[in-house]
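Undergrad: just to be clear, the model below is a prediction. Sequence and coordinates:
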Amino acid sequence: MSLYNDKPFRAGDTSHSYPCRPCQCYGHAISCIYNETLDSEPSRHEVGGGGQCVNCSDHTTGNQCDACVEGYFRPTGRSLYASDVCEPCNCSSNGVAHASNDSVHCEQVCCSSFQCSWNYNSKRELMNSANSSLVFLQQIFV
């Protein structure tokens, strides 16, 4: 398999060469497949594209290796071509939401600011603990 599968093979004719087109994987995959459902113009060779990257690397995922896997995020302004495009969230696993593969994830809250995604039950436990501490302190100082 190669990276030249953005459009299916089409033999050239006397007026068009129909060259093979590379998939857009931003340097994070060495092969791709053609997926017609991703192609906005499947009947036209010169526009559209249905390349789907295979085995994205550098903690990337997505049809074009343009997103980060769970537990990683892309800092604002970081080039999609960078080998370190995705950085670990570095969230403590205690109290954060877990994906099905037991990894933690973070979400962008503003600009280049990221935060860990907290598990709802852990938030409630944290609030209950804080409320208990507040009640205890109020009893001491009253």
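TA: Here it is on my side, so go on.
Undergrad: neighbours of the residue lying closest to G12 once chain neighbours are set aside, how many?
TA: Excluding the flanking residues, the one nearest G12 by C-beta to C-beta, 6 or more residues apart in numbering is Y18, at 5.0 Å. Where C-beta positions appear, they are placed from N, C-alpha and C, glycine not excepted. Number of residues near Y18 (other C-beta atoms under 10 Å) recorded here: 14.
Undergrad: verify the contact between Y18 and R44 for me.
TA: No: judged on C-beta atoms under 8 Å, Y18 makes no contact with R44 at a distance of 10.8 Å.
Undergrad: test my guess that Y81 contacts G27.
TA: Yes: assessed by C-beta under 8 Å, Y81 is found in contact with G27 at 5.4 Å.
Undergrad: more neighbours: which of these two?
TA: Ranked by neighbour count (other C-beta under 10 Å), Y81 and G27 place G27 first, with 17 against 10.
Undergrad: got the contact list for that one?
TA: Counting by C-beta atoms under 8 Å, 6 or more residues apart in numbering, G27 makes contact with Y81, S83.
Undergrad: quick one, strands of this protein?
TA: 31-34, 51-54, 60-61, 67-68, 72-73, 87-88, 106-110, 113-116 (DSSP state E).
Undergrad: domain boundaries for this structure, per the record?
TA: 1-69, 89-142 (automatic domain parsing).
Undergrad: mean pLDDT for these: which is lowest?
TA: Ranked by mean pLDDT, these end with domain 89-142 at the bottom, a mean of 51.
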